[in-house]
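>>> Test case, fold it:
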Amino acid sequence: MNHNMTFFGETVLCIGAHPDDIELGCGALIADIVNQTDVVCVTLSDNQENPQLKNLVDEHGESMKILGVKPENAILHDFTTRRFQAARQEILEVMIGLKKQYHPEVVLVHTANDIHQDHKTITEEALRAFRGTTLLG
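A predicted model of the protein is given here:
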């Protein structure tokens with residue numbers, strides 16, 4: 001039995017809470033499919049409140065470039081890390097906007113078993129926003 005998924009010609013939307021979540025969670029898949037489909041990567045927190053992570057935004061942009069994601073498809077928002085729960089409605093609205101703009105066939109998010117509060121919020125809001133869309137997490 002063939003368990004391979006085909007992404008050719010589809011729009012794949014990757015949503016992560018923080019810089020490096022997408023790269024670590026599905027970077028290999030992105031690198032494999034980026035030349036055969038549209039890949040859009042959305043990171044919801046730039047994590048800039050931590051002074052030890054001052055280069056994080058630049059590193060995130062570089063990693064997206066290395067994976068082959070077009071600069072216009074590497075989107076970074078500024079929700080506050082560890083405060084996603086309080087911004088659930090705004091996050092849901094961002095996701096609904098992404099659905100309307102990109103019409104993704106596949107959405108990749110954090111696993112539903114992830115205990116990090118921001119990751120959990122991403123997955124829960126994605127389930128609401130992307131009903132009827134293949135959601136993998």
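>>> Could you look up the SS state of residue 14?
strand (DSSP: H, G, I helix; E, B strand; the rest coil).
>>> and it, how far is that from residue 65?
15 Å (C-beta to C-beta, to the nearest Å). C-betas here are computed from N, CA, C, even on glycine.
>>> Of the two, which one has the most company?
When residue 14 and residue 65 are compared on other C-beta atoms under 10 Å, the one with more neighbours turns out to be residue 14, at 27 against 12.
>>> which residues does the more buried one bridge with?
Counting by DSSP bridges, residue 14 is bridged to residue 41, residue 108.
>>> pretty sure it is touching residue 30, no?
Yes: if you go by C-beta atoms under 8 Å, residue 14 and residue 30 touch, sitting 6.7 Å apart.
>>> Spell out which residues are contacts of both of the two.
22, 39, 41 (C-beta atoms under 8 Å, 6 or more residues apart in numbering).
>>> The first one in helix, strand or coil?
Meaning residue 22. Strictly by three-state DSSP, residue 22 counts as helix.
>>> Not counting sequence-adjacent ones, nearest residue to it?
residue 16 (3.9 Å; C-beta to C-beta, 6 or more residues apart in numbering).
>>> what's the distance between the residue most central in space within the chain and residue 51?
The centroid of the chain falls nearest to residue 15 when counting by C-alpha atoms, centre = their mean (1.5 Å). For residue 15, the distance to residue 51 equals 26 Å [C-beta to C-beta].
>>> Run through the residues that contact the residue nearest to residue 119 when sequence neighbours are not counted.
Closest residue to residue 119 apart from its sequence neighbours, by C-beta to C-beta, 6+ apart: residue 110 at 3.8 Å. Contacts for residue 110 (C-beta under 8 Å, 6+ apart) come out as 16-17, 21, 25, 116, 119-120, 122-123, 137.
>>> All set, thanks.
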